[in-house]
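Novice: need coordinates for the below:
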Amino acid sequence: MWRVVSDSTRLPPVHEAWLPREHALHRPRHGGRQLVALICALVFFVTPTALWVVGLRPTEIENHKLASFPSITDGWGMFTKLPRWAIDQLVFRGAAIDAADGISRGIFGEPPPFGTQRQPTGPLPGSTPPATDESPDVATGYRQVIEGDDGWLYLGDDVRGKCHPRKPLNRTIAGLNKLRKAVEASGREFRLIVAPDKTTMVPEHLPDRYAGKDCAEAFTRKLWPRLIEEAEAIDVRPLLEKAAANVQRPVYYPNDTHWTDEGSVAMTMTLVENLRPGLTQGWRVVPGGAYTSSADLPKMIGRKGSKTSISYSVMPDGQTNRTTVLALDIDRPVRRQQPAVPGTITEPTLVFGDSFTKAASGYLTAGFSDVTMLSYSAANEDLDTTIKAFVESKVVVVEVVERALASGTAGFLYDGFIEKLAPKLAAAPVR
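Specialist: This is a model prediction of the structure:
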């Protein structure tokens, strides 16, 4: 006769929540908590969609473009990019950040920690070795934005990059000279101009104490002599100081990392005069009206802010205004041609630069009758287009912001780019 033997290893034929509490497999239901979690998730994901339907759209409240929806062709990258897209699509995010900023300053008397650089997990604080070539940031205590006096804001990368460079300065200077050699060997003219950091030109509003103060100041003192002597960089600082004396104020915005229109004009005149000494003697620069635009630094700490500057009419021949509108996007080549007038450089010129080139784009047309502007930050995304812009130019100007050279993060200064560019230039020499 068969007997049914109880097997304690078998799961009981009832839901685990129905078992006695004493049972080892008892698992209570969390219906209430689960319901609350589901409702919160539903509100989080459905609310932005509902707001979109009624006409509300997310806006750029930080110093970057809104992330686009990731493509399925990105593979696993689609899942890693999805959170960034979801965050950028939150219509109410700006109001939430404003509220956090107000609470932090109003109750605790200090800015919210939006921009604080945190120590990565791993080694204990103080035991992390110095940053090496191409290593990630090891800095702790640094802020994305340094708040100075009288409402002045400074980009934290101006400091952090000098204290923890990703690449040795020797390699950066060697890369600049290798690029110069490739361009000049093809018969083209080459000029390097460095846009000074605001911390370099207007340090008087910095706080008395901030993370990286000593090492950044020491690095700056040795950086500029080496850039001028070893990399043959054009020193725009004297003309920036002269412009500041003329207008009796700094030529950098208090709440933006870039220089004002006076700085853009100074850069243009410095380039033209360096290429063709004496050519700017007949220039007339006449101030126009004031205009206001969005400032970049407040966005990085969850605040809003605008900057105001004076526009100028630049007349290289003394009577013809050659100022044009700002180029809003130089991730692709922007070429502007005008009839040649006295006081301008007529050879096709490429200005291979960054956001300072973009800021000066409306004034570069005053000094160059045929100028192409292209951002080096997007150069590697379309290498053929970048090389084509070099080949089609007779004068190549490379503009780099100081912090990019100090930190070693200028992406075009690597052997792969220069080695691909050099033979293309050599195959189309300028006689």
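
Novice: just give the number of residues close to residue 223.
Specialist: Residues near residue 223, counting by other CB atoms under 10 Å, number 21. Just so you know, the C-beta spots here come from the backbone N, C-alpha and C atoms, and that holds for glycine as well.

Novice: state the helix or strand in which it lies.
Specialist: Counting by DSSP states H and E, the element that carries residue 223 is helix 213-229.

Novice: what's in contact with that helix?
Specialist: 158-159, 162-163, 169, 173, 194, 197, 199-200, 206, 233, 235, 237, 402, 405-406 (CB atoms under 8 Å, 6 or more residues apart in numbering).

Novice: try it again at 10 Å.
Specialist: Residues outside helix 213-229 that contact it (CB atoms under 10 Å, 6 or more residues apart in numbering) are 146, 158-165, 169-170, 172-173, 176, 192, 194, 196-197, 199-200, 203, 206-207, 210, 212, 233-235, 237, 400, 402-403, 405-407.

Novice: now restrict those to buried residues only.
Specialist: 146, 158-165, 169, 172-173, 176, 192, 194, 196-197, 199-200, 206, 210, 212, 233-234, 237, 400, 402-403, 405-407 (16 or more other CB atoms under 10 Å).

Novice: show me the helices in the stretch 301-431 of the chain, by range?
Specialist: 355-367, 383-391, 402-407, 415-427 (DSSP state H, counting those that start in this stretch).

Novice: got the ones you listed as CSV, with distance to residue 336 and mean pLDDT columns?
Specialist: Listed next are the helices of the stretch 301-431 of the chain as CSV, based on distance: least, CB to CB, whole Å; pLDDT from 0 to 100:
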stretch, distance to residue 336, mean pLDDT
helix 355-367, 5, 96
helix 383-391, 13, 94
helix 402-407, 25, 95
helix 415-427, 23, 92
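
Novice: in CSV: those, plus distance to residue 269.
Specialist: Converted to CSV, these look like this (distance: least, CB to CB, whole Å):
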stretch, distance to residue 269
helix 355-367, 7
helix 383-391, 24
helix 402-407, 19
helix 415-427, 28
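
Novice: contacting residues around residue 203?
Specialist: By CB under 10 Å, 6+ apart, the contact list for residue 203 reads 148, 154, 197, 213, 216, 217, 220.

Novice: looking at those residues, spot the one nearest residue 246.
Specialist: Relative to residue 246, the closest of the contacts of residue 203 is residue 197; by CB to CB it sits at 21.6 Å.

Novice: got the contact list for that closest one?
Specialist: 154-155, 157-159, 161-162, 203, 216, 220, 223, 252, 257, 401-404, 406.

Novice: can you tell me how far it is from residue 279?
Specialist: 29 Å (CB to CB, to the nearest Å).

Novice: same check on residue 301?
Specialist: Shown here: residue 301 relative to residue 279, a distance of 43 Å by CB to CB.

Novice: which one's more surrounded, the two?
Specialist: Neighbours were counted for residue 301 and for residue 279 using other CB under 10 Å; residue 301 has more, 21 against 18.

Novice: quick check: end-to-end length of stretch 424-431?
Specialist: Stretch 424-431 has its terminal residues 15 Å apart, counting by CA to CA, to the nearest Å.

Novice: buried sites along it?
Specialist: For stretch 424-431, a neighbour-count test (16+ other CB under 10 Å) marks residue 425 as buried.

Novice: other residues contacting that stretch?
Specialist: So stretch 424-431 is contacted by 182-189, 347-348, 384, 387-388, 390-396 (CB under 10 Å, 6+ apart).

Novice: got the contact list for residue 308?
Specialist: Residue 308 makes contact with 253, 260, 290, 291, 292, 293, 295 under the criterion CB under 10 Å, 6+ apart.

Novice: at 7 Å instead, please
Specialist: For residue 308, the contact set (CB atoms under 7 Å, 6 or more residues apart in numbering) comprises 290, 292.

Novice: so what pLDDT did it get?
Specialist: The per-residue pLDDT reported for residue 308 equals 93.

Novice: please apply the same query to residue 375.
Specialist: pLDDT recorded at residue 375 is 94.

Novice: show me what it is bridged to.
Specialist: Taking DSSP bridges as the rule, residue 375 bridges to residue 353.

Novice: burial measure for it, as a count.
Specialist: The number of residues packed near residue 375 is 21, by other CB under 10 Å.
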